[in-house]
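Asker: Return a 3D structure for these sequence lines:
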Amino acid sequence: MTEVKAGTRWRCSNNNLLVLLDVVELEGHTWVHYRNEDNKEPSQYSCYQESFVARFHPFVNARYF
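Answerer: Predicted coordinates:
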């Protein structure tokens, strides 16, 4: 499974940038708390880690020369 940790950046299908705020174990589930950075007013969300990894992919900074 892809490493999911606080401070990493991810992209969703519409190419919005997400930032992971926290990863928490609670009652047998791993919750991911994240913020959508591309909205005019950043919005915060949470979901199970399995759902997060299924919907989003890690953002890799690409450099072009």
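Asker: which residue ranges form the strands in this structure?
Answerer: Along the chain, counting by DSSP state E, strands occupy 9-11, 17-26, 29-36, 43-48, 57-58.
Asker: Check the offset of the fourth one from the chain's centre.
Answerer: Between the mean C-alpha point of strand 43-48 and the mean C-alpha point of its chain there is a distance of 8 Å (Cα atoms, centre = their mean, to the nearest Å).
Asker: Same question for the last one.
Answerer: Centroid separation for strand 57-58 versus its chain: 8 Å, with Cα atoms, centre = their mean.
Asker: quick one: the closest residue in space to Arg9 that isn't next to it in sequence and Glu27, what's the gap?
Answerer: Distances taken as Cβ to Cβ, 6 or more residues apart in numbering place Phe59 nearest to Arg9, at 4.2 Å, with adjacent residues excluded. No exception for glycine: its C-beta is placed from N, CA and C like everyone else's. Using Cβ to Cβ, to the nearest Å, we find Phe59 at a distance of 30 Å from Glu27.
Asker: for Glu37, same thing?
Answerer: Glu37 sits at a distance of 29 Å from Glu27 (criterion: Cβ to Cβ).
Asker: So if I had to pick from those two, which one is more boxed in?
Answerer: Glu37 (12 against 5; other Cβ atoms under 10 Å).
Asker: which residues does the residue nearest to that one when sequence neighbours are not counted contact?
Answerer: Once flanking residues are discounted, Glu37 sits nearest to Leu17: 4.5 Å by Cβ to Cβ, 6+ apart. Residues counted as contacts of Leu17 (Cβ atoms under 8 Å, 6 or more residues apart in numbering) are 9-11, 36-38, 59.
Asker: and which of those residues is nearest Phe52?
Answerer: Proximity of those to Phe52, judged by Cβ to Cβ, is greatest for Trp10, which lies at 8.0 Å.
Asker: ok, the closest one - how many residues close by?
Answerer: If you count neighbours by other Cβ under 10 Å, Trp10 ends up with 20.
Asker: roughly how far apart are it and Gln49?
Answerer: Trp10 sits 12 Å away from Gln49, going by Cβ to Cβ.
Asker: same thing with Thr30?
Answerer: Taken as Cβ to Cβ, the span from Thr30 to Gln49 is 4 Å.
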